[in-house]
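> Build me a model:
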Amino acid sequence: MFSIPGKTPVTITPAAVQQISKLMDRENRHGLRIGVKKGGCAGMEYTMDYVDEADPNDEVVEQDGARVLIAPMAQMFLFGTEIDYETSLLESGFKFRNPNVADACGCGESIKFKDIEELEAERAAGE
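I've put the predicted structure just below:
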């Protein structure tokens with residue numbers, strides 16, 4: 001598991017807390033698991049799934065009743081990310097402000113992360 005003691009792996013804005021709590025209540029679920037998978041034009045995509053229980057290797061972030069579980073393979077890539085929920089005239093949805101992203105496609109659905117060595121060096125410098 002990738003973490004720095006005393007530091008929350010992700011932060012959740014009040015708008016995202018409200019939406020996650022609403023989804024958990026409506027679907028009667030334990031929380032939302034966030035991960036990454038290969039795909040999209042930039043190489044990787046975020047995933048979000050309802051979960052009924054935490055995996056022992058999930059990183060669990062709880063904030064004001066909202067529960068986000070970070071899948072083990074995504075923990076390094078999501079560390080430092082701010083999760084927000086935005087509503088506009090044309091769309092609404094979760095937004096990830098992730099310092100680990102090196103590039104993103106024009107539609108915003110696909111991302112490319114920094115190299116693993118670069119991420120590890122940044123984490124070591126931040127400790």
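
> Longest helix in the protein, by number of residues?
In terms of residue count, the longest helix belonging to the chain (DSSP state H) is helix 14-27.

> Just the residues contacting that helix, thanks.
Residues from elsewhere that reach helix 14-27 (CB atoms under 8 Å, 6 or more residues apart in numbering): 12, 29-32, 50, 63-68, 83-86, 94. In short, each C-beta sits where N, CA and C put it, glycine included.

> Repeat the analysis, applying 6 Å as the threshold.
Helix 14-27 is contacted from outside by 32, 50, 63-66, 83-85, using CB atoms under 6 Å, 6 or more residues apart in numbering.

> Toward the C-terminus, what is the element adjacent to the helix or strand harbouring R33?
Assigned by DSSP states H and E, R33 belongs to strand 31-38. Counting by DSSP H and E, the element after strand 31-38 in chain order, helix or strand, is strand 44-51.

> Which elements pack onto that next one?
strand 31-38 (3 or more CB pairs under 6 Å, 6 or more residues apart in numbering; DSSP states H and E).

> Many thanks, I have nothing further to ask.
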